[in-house]
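**Student:** model this:
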Amino acid sequence: MFTHDMFTSLLWFAGVAALINVTPGLDTMLVLRTSIAHGRTGGRAAALGILTGCLAWGLATAVGLTALLTASRLAFDALRIGGALYLVWLGGSALWQARRRAGSGAAGEPATAAATADTTPAPMPAAAPGTAAQGRWAAFRAGIGTNLLNPKAGIFYMSLIPQFLPHDTPAFGATLLLTAIDVLELALWYWVVTTAAAALGERVRRPSFRRRMEQVSGLAFLGFAANLLLAERA
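**Tutor:** Numbering: from 1, shown residues only. Have a look, this model is predicted:
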């Protein structure tokens, strides 16, 4: 049964979490890049992976497992280094894709006036069902991987949620409820991001735009990796 203190805590948490969720970061960058490169379904598959990771972190917080990240230097460092290496792989893959696009564009696009003047987007070929399913699964894995291999995500839940738990409320149930609120807000935010980014990707189909997006996202992932390697326990 909700008490007045619990209802007030929920409102405050919803407001604070919303501000944090819309702040640009690693997860939003991943959803944005995937939506532009692979469309709305790919972006939402990546978002679903991120939301799954958030649910896992919330459950771990409810049972006290995330306390290991601050209590154990070994656990924190193992997750931190693993996450950084994964981000390096994502960043390197994006930069490699950008280089491949540049090579194919240079080889297959003659620099004629007619070619440069015609900017009308050509229809995109439909992907085979198996290829589309594999792409969604890869996007989901990228989403859950970037979230679960980021110790800052666990520390976020462990440090933020307890501040909004009323003293007269069971911690386990209240933690799961606050986690659900955060995940619902994130789902709404990612719906907005994927819709806008996919629409942009459909309008701007120029190879140079896609190549530049891969370069920016690749450098961003490498930057997040460096930040994670330099991170210290809270």
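
**Student:** What residues does the residue nearest to the spatial centre of the chain make contact with?
**Tutor:** Centroid-nearest residue in the chain, with C-alpha atoms, centre = their mean: Asp27, separated by 2.1 Å. Asp27 makes contact with Ile50, Gly143, Thr146, Asn147, according to C-beta atoms under 8 Å, 6 or more residues apart in numbering. Using the backbone N, CA and C atoms, a C-beta is placed for each residue, glycine as well.

**Student:** which SSE is it in?
**Tutor:** Using DSSP states H and E, Asp27 sits in helix 26-62.

**Student:** just how off-centre is that helix within its chain?
**Tutor:** Per C-alpha atoms, centre = their mean, to the nearest Å, the displacement of helix 26-62 from the mean C-alpha position of its chain is 4 Å.

**Student:** Trp96: neighbour count?
**Tutor:** Neighbourhood size, Trp96 [other C-beta atoms under 10 Å]: 12.

**Student:** Torsion angles phi and psi at it?
**Tutor:** In terms of degrees, to the nearest 10, the main-chain angles of Trp96 are phi -70, psi -40.

**Student:** how near is it to Ala71?
**Tutor:** Distance, Trp96 to Ala71, using C-beta to C-beta, to the nearest Å: 39 Å.

**Student:** and if you look at Thr8?
**Tutor:** Applying C-beta to C-beta, the value for Thr8 to Ala71 is 31 Å.

**Student:** Give me the secondary structure label for Thr169.
**Tutor:** Following DSSP: H, G, I helix; E, B strand; the rest coil, Thr169 is assigned to coil.

**Student:** which SSE is the nearest residue to it once chain neighbours are set aside in?
**Tutor:** The shortest distance from Thr169 to any non-neighbouring residue, by C-beta to C-beta, 6 or more residues apart in numbering, is to Met6 (5.5 Å). Using DSSP H and E, Met6 maps to helix 4-21.

**Student:** Check the contact between Ala176 and Ala62; I expect there is one.
**Tutor:** Ala isn't right for residue 176; it's Leu. Yes. Counting by C-beta atoms under 8 Å, Ala62 is a contact partner of Leu176 at 5.5 Å.

**Student:** Looking at those two, which one has more neighbours?
**Tutor:** Using other C-beta under 10 Å as the criterion, Leu176 and Ala62 rank with Ala62 on top: 20 against 17.
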